Structure formats: C-alpha cells, structure tokens
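Participant: Provided below for reference: sequence and predicted model.
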Amino acid sequence: MSRNKYPEETVNLILDVAQKLMLEKGYDNTSIQDIINGLGGLSKGAVYHHFKSKEEIFYSVAERFNKQAVYEIKQVRDDTTLTGLEKLKKMFQISLAQSDGDIVYSTAPNMLDNPRLLSFQVQEIFSDVAPNYVRPVLEQAIKDGSIKTDYPKEMAEVIILLTNLWLNPLVIRTDADNMEKRVRFFNDLLKRYNIELLDEEMLNSYKRYCTLIK
C-alpha cells in the first residue's frame, strides 16, 4: 500500500493495528516495532512519515475514540437554547459519559511516567480545549448571568487543568474513595461562582475510571 497514494488509509491501518496491540498488551508493552510487524509489509519509513513517535500514535488512537464526543460537545457549545452554565455542565456530561472512555482508561499508561503524553495533554488544554470550548461558554454565562466571574479565560484554564490533570487518574493514580473527595472538593471550589459542575453520575464515572486502570 502506498502511503503517498492512500495516506488516509495508511494512517487508519497504523491506528487500527496500534489500537489492537495496545488493548491486548497495554501501551507500555507495545513497541513501534510491534506495530510495524502487524502492518503486513508497510515499512518503518511509512509509519514515521505519519507519526514521529509511539506517543503520537497513542494520542491519535485516543482522539479517534473521542471524535463523536467532540462532535457532540461542539453541538452543545453552539446551541442557542441553553444558558452558559447549562452548556458547561452538559459538555462535561458528554465527555465523561462516552462509552469508549473505558477503553482509553484501561489501555493508557500513567502519564507521569510518559512525559511526552502529558505534554500533548497540556498543550491541548491551552491551545484548544480552554480557549475554543470552555472560555466561549463562560463568556456567554457571564452575559446571561448564570455564572459570575471577571476572569473567564483564567477560569476556563483552571477548570480544564483540574478536571483533565488533577482529576485524571492517568496522571495522578488514586482509588475511588479519594477520587470522590477530590470531586466534592472541586465542586466546593466552584460554588462561589454559582457552579456545581460534576453531579453524582459524573462522580461515578471518575470513580469507575480509577478501577479500570491497570
């Protein structure tokens, strides 16, 4: 298969093989060579033409799982019938309720042991998630009165940093009981701004993710 003539098919093949191997063996026990061996003759050069590292491959696998959730979150962000606070809560409900999330959490490594993966996560927070999804919703919430703050940019960054890193058991390993304390403390922090973001269903999702991690 020529990567030049069929680049999308090549990328999908690489991701399909990587996903299968990582589900079977875990991220840490899957090497680039394992992925190449499973590609049916595709060269190492073809793989590195599309991905610079195993970390990039894993991140692309995770993004593919998240594709539907991202689409739904965009729909909520652009929904003119909801208040800013309603949008914010619904966006987090979608993010935590996606069924494929269980697969990602059961496959992924501890990000503190894989700094390049952690770097991808942090970059995405500041370059995409906070400015393009959370901040516009907070700015609407300030206008419609559902949230009161003078710092929508800073609040967007803090909310995403805490939920995607501090409450992420792939970054900081914890058990379900301690995760519950973190979630309840996180809600207490936001109450002064009239925000109770994570409900019991979302709390249970966080607790379940703690049990899935190998």
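Facilitator: Nice, thanks for sending it over.

Participant: in stretch 12-27, what's buried?
Facilitator: Buried residues in stretch 12-27, counted by 16 or more other C-beta atoms under 10 Å: 13-15, 17-19, 21-22, 27. All C-beta atoms are positioned from the backbone trio N, CA, C, and that covers glycine.

Participant: inside helices: which ones of these?
Facilitator: 13-15, 17-19, 21-22 (DSSP state H).

Participant: look at the nearest residue to Ser31 once chain neighbours are set aside and report its pLDDT.
Facilitator: Among residues not flanking Ser31 along the chain, Lys54 sits closest, at 7.2 Å (C-beta to C-beta, 6 or more residues apart in numbering). Lys54 carries a pLDDT score of 90 in this model.

Participant: could you point out which element follows the worst-scoring helix or strand of the chain on mean pLDDT?
Facilitator: Lowest mean confidence among the helices and strands of the chain (mean pLDDT, DSSP states H and E): helix 101-107, at a mean of 71. Using DSSP states H and E, the helix or strand that follows helix 101-107 in sequence is helix 115-124.

Participant: right, and the helix or strand after that next one?
Facilitator: Next helix or strand after helix 115-124 toward the C-terminus (DSSP H and E): helix 135-144.

Participant: tell me how the protein divides into domains.
Facilitator: 1-51, 54-212 (automatic domain parsing).

Participant: and these, which one averages the lowest pLDDT?
Facilitator: With a mean of 83, domain 1-51 has the lowest mean pLDDT of these.

Participant: excluding its backbone neighbours, what's nearest Val61?
Facilitator: Spatial nearest neighbour of Val61, chain neighbours left out: Gln19 (4.9 Å); criterion: C-beta to C-beta, 6+ apart.

Participant: ok, Leu82 - contacts?
Facilitator: By C-beta atoms under 8 Å, 6 or more residues apart in numbering, the residues touching Leu82 are 76, 90.

Participant: next, it: secondary structure please.
Facilitator: coil (DSSP: H, G, I helix; E, B strand; the rest coil).

Participant: any idea how far it is from Gln123?
Facilitator: Distance from Leu82 to Gln123, counting by C-beta to C-beta, to the nearest Å: 29 Å.

Participant: distance-wise, check the residue nearest to Val137 when sequence neighbours are not counted relative to Gln93.
Facilitator: Distance criterion C-beta to C-beta, 6+ apart; nearest residue to Val137, sequence neighbours excluded, is Lys87 at 4.6 Å. For Lys87, the distance to Gln93 equals 11 Å [C-beta to C-beta].

Participant: also Lys207?
Facilitator: On the measure of C-beta to C-beta, Lys207 and Gln93 end up 16 Å apart.

Participant: so after the longest helix along the chain, what's the next helix or strand?
Facilitator: The longest helix of the chain (DSSP H) is helix 54-77. Downstream of helix 54-77, the first helix or strand assigned by DSSP H and E is helix 84-97.

Participant: list the contacts of that following helix.
Facilitator: Contacts of helix 84-97 (C-beta under 8 Å, 6+ apart): 69, 72-73, 76-77, 79, 82, 133-134, 137-144, 146-147, 163, 194-195, 197-199, 201-202, 205-206.

Participant: many thanks, have a good one.
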